[in-house]
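Student: what follows is a predicted protein model with its sequence.
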Amino acid sequence: MKIKKQKSIMPSRACIFLFSLILIIFPGCKPDGQLPQYTVSDISYGPDKENTLDVSLPEGRNVDTPVIVLIHGGAWTGGDKSDFAYLRKYFSRKGFAVFSVNYRLARVEGTGLRNILEDMDSVIAYVKEKSGAFIYSKDSVFLAGHSAGGHIALLYPLSRAAEGSIRGVVSFCGIADLTDPQLEKFLVHMHENQSKNKKGLMPESKPFDRIGFIAGTEQEKRIAYSPQFILRDIPVILFCGKMDDIIPWTQSENLHKKMKERGFDSTLHVYPDM
């Protein structure tokens, strides 16, 4: 089964404000050197044509400059690193070295998340390897993502990354539980709305199982790809809005509760009118 690339759902400008709160917890570096601001786009970090990233490096950076890796959303099947161009530039001005990454979008049933996690291995290896050339800290790497990107930002360090290699995660309306029936209902509704907007599209005989498509139909795989079932002691900041009709806000709330039950560092921001 194959699926066409879908248009990403862009985060609102409120995303700037919400992600700005990262600065309170993960302060950047004050310029104290002579290195100029530097930006370069479409760097290849892996063998696939989709393995590209953009980077913005701040003025005055040094070996203690922290890093943010931005992971775009798009329901695992769409979106692009350019969705976060404004955030990449914003955080670079605040003293962070910022990467916005593309990854292999899910197109073949059952392989999507496996491929994305492999790509994240390559992203993190590239970021750490280039710390000496670009000048920033390879030991202060944080992940931040929106929607499906929030899911990846959570899933990667909790399930796969070497211990201590990721210092913290910010999830903006991210997904934490692929076994949640409400999430499945929301995603089916989203797909139906997208289908209605495509002219000439034949009606489907049954709802599109997006979670089964990207993770596999077996319940064990859905659990294995659900951050809330594979907790580790990595600091997280979770943002969500109660008016979200694509990702249930309770995904963030439930993950936060489980983190706190384990004594792990978790901060939850719920916005009732967003």
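Tutor: Looks like it arrived, so ask away.

Student: S252: what secondary structure?
Tutor: The local conformation at S252, judged by DSSP: H, G, I helix; E, B strand; the rest coil, is helix.

Student: so it sits against L268, correct?
Tutor: Yes - the pair S252 / L268 is scored as a contact, 6.2 Å apart, by C-beta atoms under 8 Å. Where C-beta positions appear, they are placed from N, C-alpha and C, glycine not excepted.

Student: need the helices for the stretch 151-274 of the chain, in chain order.
Tutor: Secondary structure of the stretch 151-274 of the chain (DSSP state H, counting those that start in this stretch): helices at 181-196, 210-215, 219-224, 250-261.

Student: before we move on, the earlier item: looking at S252 and L268, which one has more neighbours?
Tutor: S252 (30 against 17; other C-beta atoms under 10 Å).

Student: separation between the more buried one and F229?
Tutor: 15 Å (C-beta to C-beta, to the nearest Å).

Student: before we move on, back to that, point out the most buried one among the helices of the stretch 151-274 of the chain.
Tutor: Greatest average neighbour count among the helices of the stretch 151-274 of the chain goes to helix 210-215 (a mean of 23), per mean count of other C-beta atoms under 10 Å.

Student: what's in contact with it?
Tutor: For helix 210-215, the external contacting residues (C-beta atoms under 8 Å, 6 or more residues apart in numbering) are 1, 3, 75-77, 106, 109-110, 112-113, 178, 183-184, 187-188, 191, 221-222, 225.

Student: show me where the stretch 51-200 of the chain has its strands.
Tutor: Secondary structure of the stretch 51-200 of the chain (DSSP state E, counting those that start in this stretch): strands at 52-57, 67-71, 97-101, 141-146, 168-172.

Student: tabulate the ones you listed (JSON lines), appending distance to P248 and mean pLDDT.
Tutor: Output for the strands of the stretch 51-200 of the chain, formatted as JSON lines (distance: least, C-beta to C-beta, whole Å; pLDDT from 0 to 100):
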{"stretch": "strand 52-57", "distance to P248": "30", "mean pLDDT": "98"}
{"stretch": "strand 67-71", "distance to P248": "20", "mean pLDDT": "98"}
{"stretch": "strand 97-101", "distance to P248": "26", "mean pLDDT": "98"}
{"stretch": "strand 141-146", "distance to P248": "15", "mean pLDDT": "98"}
{"stretch": "strand 168-172", "distance to P248": "13", "mean pLDDT": "98"}
